[in-house]
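Engineer: How does the following fold in three dimensions:
(one chain, ligands or ions: 1)
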Amino acid sequence: MNIQSRTERMAGQETPERKRSGQGDAEMSLICLSDFEAYAKDHLPKATWEYYAAGADDCCTRDDNLLAFKRIRLRPRMLRDVSVTDTKTTVLGTEISCPIGIAPTAFHCLAWPDGEMSTARAAETLNLCYVASTYSTCSVEEIVTAAPDGFRWFQLYVYRDRKLSEQLVHRVEALGFKALVLTVDVPYTGKRRSDIRNNFRLPPHLKVKNFEGVFEEHCGPDNYGVPANTLDPSISWKDIYWLRSLTRLPIIIKGILTKEDAELAVEHGVQGIIVSNHGGRQLDGELATIDALSEIVDAVQGRIEVYIDGGIRTGSDVLKALALGAKCVFIGRPIVWGLAYKGEEGVRGVLQILTDEFRLSMALSGCRNVAEINRNLIQFSKL
Ligand SMILES: Cc1cc2nc3c(=O)[nH]c(=O)nc-3n(C[C@H](O)[C@H](O)[C@H](O)COP(=O)(O)O)c2cc1C
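Structural biologist: Numbering: from 1, shown residues only. Predicted coordinates:
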């Protein structure tokens, strides 16, 4: 299969500049997540690549998410019989094969024709948690049909028209999604310079499928596939009670970076927090997620589960996040790199590589299972 030409056709945007000489079905050996990144950069149309890669403003926070992991050093233990290792864990009581999940990211069909359906199948095969984005280019119904036995959460935004959010909540609850992930760091969309320069738009053959039929009449300014100013910037803590009144599903808040907000999250009765800065796409200059994790874990004192996303690219990043108290990590951009490579197979490749690396890091640090990973493994270096 010629992946390159498929991606071009499907994205319907400008032809990407070729840096690679080998065309078509490149016999590549992709052995780490940055290999998938390089492949995606070479093969996706420029505007699509830049949309996925973008950070806000100067991209300091996007880049610091990765650098912050490199500042942390590990203190491995030896002679602990690691002949058998087990990466299984649970999130909110459900068993998953490994503490690695798929963060919600928009527009998977820009990277592969059946986008989120491929993502869902890969997550189902590997028994990992997939958080489907509101801004999916397949509908929640299509996602469930593609992978009926998958373990899924749904990421939600709060709209000025509350009925929109309400209907989505009822839809995903009926479809068997197991939790709602309320994203709280987007009262407004961050300023992503490349998207402005590229005048980035969803190509006409793609839609934000969860809103099919909702904005048909609209002809004003568009913001990433939906009319501008649809998100409600007045959202506040009391809206957690409003959301609670709509559903019996667990509520997880995504986008918390401080112990003060973590305390408030516990007080407002949510079941989990995802420590996240939206991959550095919102407030540039805010702290790297791994640097925020410890104070949040300390603040919640085990009352709710804490997860993290942002800059996780290797198995030792996963180990560091778990050592600092995360129950599970989520990855964003690497999933679309996997899609750009080979759809479902590419996403499986990304997840399998990260799982294998995590297992190896566990063993090399003397941990036989996730319960043995703790803060004693961490040393903050002065680099
Ligand atoms: C292209 C792209 C689209 C995203 N779309 C969403 C979204 O629809 N909803 C959401 O809550 N977060 C969204 N995010 C943020 C991710 O959920 C996650 O926080 C971030 O990507 C994690 O960082 P990483 O990409 O370094 O792994 C998006 C991120 C990217 C890169």
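
Engineer: Can you tell me which residues in the chain are near the ligand?
Structural biologist: Within the chain, the residues that sit near the ligand (CB under 6 Å from any ligand atom) are 52, 65, 103-106, 133, 135, 155, 183, 254, 276, 278-279, 281, 309-312, 331-333. Backbone N, C-alpha and C define where each C-beta goes, glycine included.

Engineer: residue closest to the middle of the chain?
Structural biologist: Centroid-nearest residue in the chain, with CA atoms, centre = their mean: A103, separated by 1.8 Å.

Engineer: Got the phi and psi for that residue?
Structural biologist: Main-chain dihedrals, A103, degrees, to the nearest 10: phi -70, psi 150.

Engineer: With P203 instead?
Structural biologist: Dihedral angles of P203 (phi, psi; degrees, to the nearest 10) stand at phi -60, psi 150.

Engineer: count of neighbours near it?
Structural biologist: The local packing of P203 (other CB atoms under 10 Å) involves 16 other residues.

Engineer: and stretch 162-177, which residues are buried?
Structural biologist: Of all the residues in stretch 162-177, those buried under the rule 16 or more other CB atoms under 10 Å are L164, S165, E166, L168, V169, V172, E173, L175, F177.

Engineer: any chance of these in a markdown table, with secondary structure and distance to A40 too?
Structural biologist: Below are the buried residues of stretch 162-177 laid out as a markdown table (DSSP: H, G, I helix; E, B strand; the rest coil; distance: CB to CB, whole Å):
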| residue | secondary structure | distance to A40 |
| --- | --- | --- |
| L164 | helix | 32 |
| S165 | helix | 32 |
| E166 | helix | 36 |
| L168 | helix | 29 |
| V169 | helix | 33 |
| V172 | helix | 29 |
| E173 | helix | 34 |
| L175 | coil | 30 |
| F177 | coil | 28 |
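
Engineer: Reformat those residues as TSV; add pLDDT and distance to C32.
Structural biologist: Below are those laid out as TSV (pLDDT from 0 to 100; distance: CB to CB, whole Å):
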residue	pLDDT	distance to C32
L164	95	40
S165	95	38
E166	97	43
L168	97	36
V169	98	38
V172	98	34
E173	98	38
L175	98	35
F177	98	31
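
Engineer: ok, so of those, who is nearest V144?
Structural biologist: Nearest to V144, judged by CB to CB, of those is L175 at 4.9 Å.

Engineer: Look up how far the ligand lies from that closest one.
Structural biologist: 18 Å (CB to the nearest ligand atom, to the nearest Å).

Engineer: sorry, back to before: identify those among the residues of the chain next to the ligand that sit within strands.
Structural biologist: Mapping the residues of the chain next to the ligand onto strands (DSSP state E) picks out Q155, T183, K254, D309, I331.

Engineer: re earlier: the residue nearest to the centre of the chain and D222, how far apart?
Structural biologist: 24 Å (CB to CB, to the nearest Å).

Engineer: Using PDB, list the CA coordinates for stretch 103-117.
Structural biologist: Extracted in PDB, the C-alpha atoms of stretch 103-117 (Å, rounded to 0.1, in the frame of the first residue of the first chain):
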ATOM      1  CA  ALA A 103      -5.100  11.200  25.100                       C
ATOM      2  CA  PRO A 104      -7.900  12.900  23.300                       C
ATOM      3  CA  THR A 105      -6.700  14.600  20.100                       C
ATOM      4  CA  ALA A 106      -8.800  16.000  17.300                       C
ATOM      5  CA  PHE A 107      -9.100  15.200  13.600                       C
ATOM      6  CA  HIS A 108      -7.600  11.700  13.200                       C
ATOM      7  CA  CYS A 109      -8.900  11.500   9.700                       C
ATOM      8  CA  LEU A 110      -6.400  14.100   8.600                       C
ATOM      9  CA  ALA A 111      -3.700  11.500   9.200                       C
ATOM     10  CA  TRP A 112      -5.500   8.300   8.000                       C
ATOM     11  CA  PRO A 113      -8.800   7.800   6.100                       C
ATOM     12  CA  ASP A 114     -10.800   6.100   8.900                       C
ATOM     13  CA  GLY A 115      -9.000   8.000  11.600                       C
ATOM     14  CA  GLU A 116     -10.500   7.400  15.000                       C
ATOM     15  CA  MET A 117     -11.900   4.100  14.000                       C
END
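
Engineer: related to what we said a few turns ago, isn't the residue nearest to the centre of the chain right next to P334, touching?
Structural biologist: No. With contact defined as CB atoms under 8 Å, A103 does not reach P334; the gap is 9.5 Å.
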